[in-house]
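In: what follows is a predicted structure for the sequence shown.
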There are 2 protein chains.
Amino acid sequence: MPLQSIQEWPRIEKAAFKTKIDRLQIRLKRLQRTAIELEIPVIILFEGWGASGKGTQINRLILDLDPRHFSVHSILMEKEEEAYRPFLWRFWTKMPARGRMAIFDRSWYRRVHVDRVNKTVPKQSWQNAFNEIAQFERTLADDGTTIIKFFLHISEGEQKKRFRRLEADSATAWRVTKMDWRNHKRYEKFVKVSSEMIERTDVPHARWTIVPADQQRYATLKIFETTIASLQGAIRRKRRRMRSDYKPRSVRLRKVTSSRLDKANMNQALSREDYRDMLRPLQDRIRQLEHRVYQERVPVVILYEGWDAAGKGGNIKRLTQRMDPRGYEVIPIAAPNDIEKRHHYLWRFWNHVPKAGHIAIFDRTWYGRVLVERIEGFASEAEWRRAYREINEFEAQLTAARTVLLKFWLHIDQDEQLRRFKERQAIPDKNWKITEEDWRNRDKWDDYYQAVDEMIFRTSKENTPWTVVEANSKLFARIKVLRTTIAAIEAALG
Amino acid sequence: MPLQSIQEWPRIEKAAFKTKIDRLQIRLKRLQRTAIELEIPVIILFEGWGASGKGTQINRLILDLDPRHFSVHSILMEKEEEAYRPFLWRFWTKMPARGRMAIFDRSWYRRVHVDRVNKTVPKQSWQNAFNEIAQFERTLADDGTTIIKFFLHISEGEQKKRFRRLEADSATAWRVTKMDWRNHKRYEKFVKVSSEMIERTDVPHARWTIVPADQQRYATLKIFETTIASLQGAIRRKRRRMRSDYKPRSVRLRKVTSSRLDKANMNQALSREDYRDMLRPLQDRIRQLEHRVYQERVPVVILYEGWDAAGKGGNIKRLTQRMDPRGYEVIPIAAPNDIEKRHHYLWRFWNHVPKAGHIAIFDRTWYGRVLVERIEGFASEAEWRRAYREINEFEAQLTAARTVLLKFWLHIDQDEQLRRFKERQAIPDKNWKITEEDWRNRDKWDDYYQAVDEMIFRTSKENTPWTVVEANSKLFARIKVLRTTIAAIEAALG
């Protein structure tokens, strides 16, 4: 076990420390500046024993950094807002923008460490957390984030001494709790759990550094040296990538042999009379379910993708028409704004993940990565290729948090699209809906068709299937979406 | 009293209703589209009796609107996050972007209505809220926001009937609480309080509409007609403004006769030895105060403005160097991003108002409105002129919530600035700090000087004084900021 291998607790004399630390601080400051210029996001997290000096070391580390470019986050027990969302939600939303630094005093590792030992989360949660953490860190690292992880390790005797010292001073006595002493008595248990955590999550793109911290000066130097080396590596890698003068380009696609879209029966339709009879009862039903979903704290995510003019807006309207507006939110996704551009493409969607009991309806989604960004070359081939896996993992994390996830592809054929484009141009009230870009996209119909086919093929998993909605008849499409949604929510409520 | 004047509760027959509402829905939908195009932000709020049908009417209103362009907010009792901030914080952060619509089921009027009667806030709070609400609505209206306010009024007998009906059905019985019955028994008290609220807050730019709601159909039509008329008015006004082809331009300034800046003694300095001796004890003191501020839940806002190269960054660094990073945040203010541009200029600062017990340090601030935006013509003369009042009101709202507010103007003279610019250009490590823009701003020194003088003169109030920090000596400036901050926090803690 990695933590047991430490036999000696190294010491550093004060004079030697002073000389070294001054130089390291200057270097770190310069590297921060370079990381800002190169737009490298940096995460530095601190885990470790109680009273191992996490707070002190964080203070020391940031002492000379430009405070406009970092944030420090203390990760405590989950609050209600957080517990009602997937485990990683509170961390995704704190991710640093490109060029910024986020420093964590405890982190997502709480769950597989203190929260595990203190049994504040069920076994299944912390077991699953190991997978989710691995996915999380890899997803960030692939996107260029530097992740530096410290485990501050002190000996059993040292911990006891520090607790006693804190208790002796009336100003700090409150900081030592019963839980601290209880955990102290479980020192061996913590050695085991910490070692397992470190072994299972020590990966090339997010290495752990165990810091022997009985002696503060030694620990400080080790933290500085590690941080500096990591930043230097990140800067080197980033410069290399920039020199390679990479230009994304769009990729011609070959036809998928067995197409899900080809199989859609585009002749399905519905008379206006039948539609009228069906609509209201389904809308009443979804309103009832909305209340049950709230009472039983089930999160629901409904996402819409589809061809231009496939009728997404009207479909969403019929879905929500009789719902209680306090229970759902429609999230329209346009091109990313400048803050969103400075983050991982999934970041803005994590920010909209609904609280348990609420319904989030996305009008366009994270699938833009493998559709428009792929076709238009906004994402490189490596980027959109790995997006399938990232999206599958993201959605698996949603469903692991009991989310009912519905994915609708609104499908029309080329003739129907042309008819609607022309209609829109002819009707003054609908004129605004059609732009030059729509016509340009239409020219790329075949490319999009292949991309959609591949998307559906690669991202239909057991709990996250796509529903292809035959939408040449808008009426048919609306009823199908309502029915599918109702069935899925009913199944989830049991 | 406005509510007592209603003697008859008008009725509408079903057939007549159907004909009218269909037409009104189509008109409202078109107006929403136009408001989006013209980028008009719209607020529609619903207050009224328990069981007066607020939820039902909101549903009806949004039935045909495009759900991608509005949000519905239910305003409940304050949560901790909200109670630890100034009263209006939770509303400012929910303000719609230009072109969006925010619909409130209860609103900021809670405080002078149900919360007042139920005594969930102290008397001073709801009394003060009347002023803050008046300022809030005027500030938004001046910026082009349309504010539509409905009070749903039902008779005492009707309320009793509705409560009984809800209780009779097991699915809705839970909605009628003891508090509802208690409030029902205080019907007359509520008539008085509601009437007072409506009379005191019925202003031309944010009119109340009292909706007799015993009969639902009548109420629905009244709400639609009022909303439509308000939107038409807003659209007319906006088009008129656009036609007038307004172009902001920068304004030449005349010298203020009695200048605060002229009086600054720019020769004040400090030897490096004295600085060293003073710095550490002051930094230790501010760290102690940071903890007391947290324990006693005092919010602190420290803002920095100053000439380019006046040393803001270094000053902030010395201020925060030994502070606990979990207790403060540095908020650097750059040019507004595209989301911020779609809101009132104060919106982004409201989003950063610290929770009680925390310290927010702003590196540049809302004063940009009367400095760079004024000089460069980004704000019209009317806009920056009214900004003095808006800023004074904003800061008064902060201090009313017990915030310790410190405002530092870092002042250097023209010679010193030139020296620093040249030094920055010469030193590779500081090179990035100096840009073409800095030189351009320098050419406008005299304009800025007048604008700063006027700013200090107009926005120094009893609890919100400016401190001019003589910063030709950086060391002197750092000590002065530390001392001033310490003294202000000590005074606040008593």
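Out: Looks like it arrived, so ask away.

In: give the contact list for residue A:88.
Out: Residue A:88 is in contact with A:108, A:132, A:133, A:136, A:350, A:397, counting by Cβ atoms under 8 Å, 6 or more residues apart in numbering or on different chains. Bear in mind the C-beta positions are built from the backbone N, C-alpha and C, glycine included.

In: now the first one: closest residue in space, sequence neighbours ignored.
Out: Leaving aside its chain neighbours, residue A:108 sits nearest to residue A:91 (5.1 Å; criterion: Cβ to Cβ, 6 or more residues apart in numbering or on different chains).

In: excluding its backbone neighbours, what's nearest residue A:194?
Out: residue A:3 (5.6 Å).

In: contacting residues for that neighbour?
Out: By Cβ under 8 Å, 6+ apart, the contact list for residue A:3 reads A:151, A:153, A:191, A:194, A:195, A:198, A:210.

In: just the buried ones from these, in ChimeraX syntax?
Out: Buried members of these, defined by 16 or more other Cβ atoms under 10 Å in any protein chain shown, are picked up in ChimeraX with:
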select /A:151,153,191,194,195,198,210
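
In: which of the contacts of residue A:3 lies closest to residue A:14?
Out: Comparing those against residue A:14 with Cβ to Cβ picks out residue A:153 as the nearest, at 22.3 Å.

In: which strand residues bridge that closest one?
Out: Bridge pairing for residue A:153 (DSSP bridges) gives the partners residue A:212.

In: residue A:51 is in contact with that one, correct?
Out: No: at 11.9 Å, residue A:153 does not count as touching residue A:51 under the criterion of Cβ atoms under 8 Å.

In: now the common contact residues for these two.
Out: Both residue A:153 and residue A:51 lack any common contact, where contact means Cβ under 8 Å, 6+ apart.

In: now do the helix or strand harbouring residue A:281, average pLDDT.
Out: Per DSSP states H and E, residue A:281 falls inside helix A:272-295. Helix A:272-295 comes out with an average pLDDT of 95.

In: pairing partners for the next helix or strand after that helix, with directions?
Out: Counting by DSSP H and E, the next helix or strand C-terminal to helix A:272-295 is strand A:300-306. Here strand A:300-306 has these sheet partners by DSSP bridges: strand A:359-363 (parallel), strand A:404-411 (parallel).

In: could you chop chain A up by domain?
Out: For chain A, automatic domain parsing gives the domain ranges A:2-243, A:272-493.

In: need the distance between the two termini of the first one.
Out: Across domain A:2-243, the terminal residues are separated by 39 Å (Cα to Cα, to the nearest Å).

In: one more: stretch A:428-438?
Out: Taking Cα to Cα, stretch A:428-438 runs 17 Å from one end to the other.

In: quick one: it to chain centroid distance?
Out: Averaged C-alpha coordinates place stretch A:428-438 at 34 Å from its chain's average position (Cα atoms, centre = their mean, to the nearest Å).

In: list the buried residues of that stretch.
Out: Buried positions in stretch A:428-438, judged by neighbour count with 16+ other Cβ under 10 Å: A:433, A:434, A:438.

In: cool, and stretch A:308-323?
Out: Buried residues in stretch A:308-323, defined by neighbour count with 16+ other Cβ under 10 Å: A:308-313, A:315-323.

In: is that stretch positioned near chain B?
Out: Yes: Stretch A:308-323 reaches chain B (Cβ under 8 Å from any Cβ of the partner chain) through A:313, A:316, A:317, A:320, A:321, A:322.

In: now do the strands in the stretch 151-300 of chain A.
Out: For the stretch 151-300 of chain A, the strands defined by DSSP state E, counting those that start in this stretch occupy A:208-212, A:300-306.

In: just name the most buried of those strands.
Out: Looking across the strands of the stretch 151-300 of chain A with neighbours counted as mean count of other Cβ atoms under 10 Å in any protein chain shown, the highest average goes to strand A:300-306: a mean of 24.

In: any idea how far it is from the chain center?
Out: Distance, stretch centre to chain centre, for strand A:300-306: 18 Å (Cα atoms, centre = their mean).

In: what's next to the strand or helix carrying the residue nearest to residue A:108, contact-wise?
Out: In this assignment (DSSP H and E), residue A:91 forms part of helix A:89-92. Under the criterion Cβ under 8 Å, 6+ apart, residues A:75, A:78, A:82, A:107, A:108, A:136, A:346, A:347, A:350, A:351, A:353 lie in contact with helix A:89-92.

In: how about residue A:302: which residues does it bridge to?
Out: residue A:361, residue A:406.

In: so it touches residue A:358, yeah?
Out: No: if you go by Cβ under 8 Å, residue A:302 and residue A:358 don't touch, sitting 11.5 Å apart.

In: how about the residues of chain A near chain B?
Out: Within reach of chain B by Cβ under 8 Å from any Cβ, chain A has these residues: A:30, A:33, A:37, A:55, A:58-59, A:62-64, A:66-69, A:71-72, A:74, A:103, A:105, A:313, A:316-317, A:320-322, A:324-326, A:329-330, A:332, A:337-339, A:361, A:363, A:429, A:432.

In: buried ones from those residues, can you make that a PyMOL selection?
Out: The command below creates a PyMOL selection of those among these that count as buried (16+ other Cβ under 10 Å):
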select buried, chain A and resi 33+55+58+59+62+63+64+66+67+68+69+72+103+105+313+316+317+320+321+322+324+325+326+329+330+361+363
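
In: residue contacts, residue A:146?
Out: Residues in contact with residue A:146, defined by Cβ under 8 Å, 6+ apart, are A:35, A:40, A:41, A:42, A:43, A:230, A:231, A:233, A:234.

In: quick one: which of those residues is nearest residue A:269?
Out: Using Cβ to Cβ, the contacts of residue A:146 come closest to residue A:269 at residue A:41, 50.1 Å.

In: could you double-check that residue A:383 lies in contact with residue A:369?
Out: Yes: Residue A:383 lies in contact with residue A:369 (Cβ under 8 Å); the separation is 7.5 Å.

In: can you list which of the residues of chain A next to chain B are found in helices?
Out: Cross-referencing these against helices under DSSP state H gives A:30, A:33, A:37, A:55, A:58-59, A:62, A:313, A:316-317, A:320, A:338-339.

In: identify the farthest-apart pair in the residues you listed.
Out: Pairwise distances across these peak at 55.3 Å for A:30 and A:317 (criterion: Cβ to Cβ).

In: circling back to that earlier point, nearest to residue A:485, of the buried residues of stretch A:308-323?
Out: Top of the list for closeness to residue A:485, among the buried residues of stretch A:308-323 and by Cβ to Cβ, is residue A:319 at 6.9 Å.

In: ok, that closest one - contacts?
Out: Contacts of residue A:319 (Cβ under 8 Å, 6+ apart): A:286, A:302, A:361, A:478, A:481, A:482, A:485.
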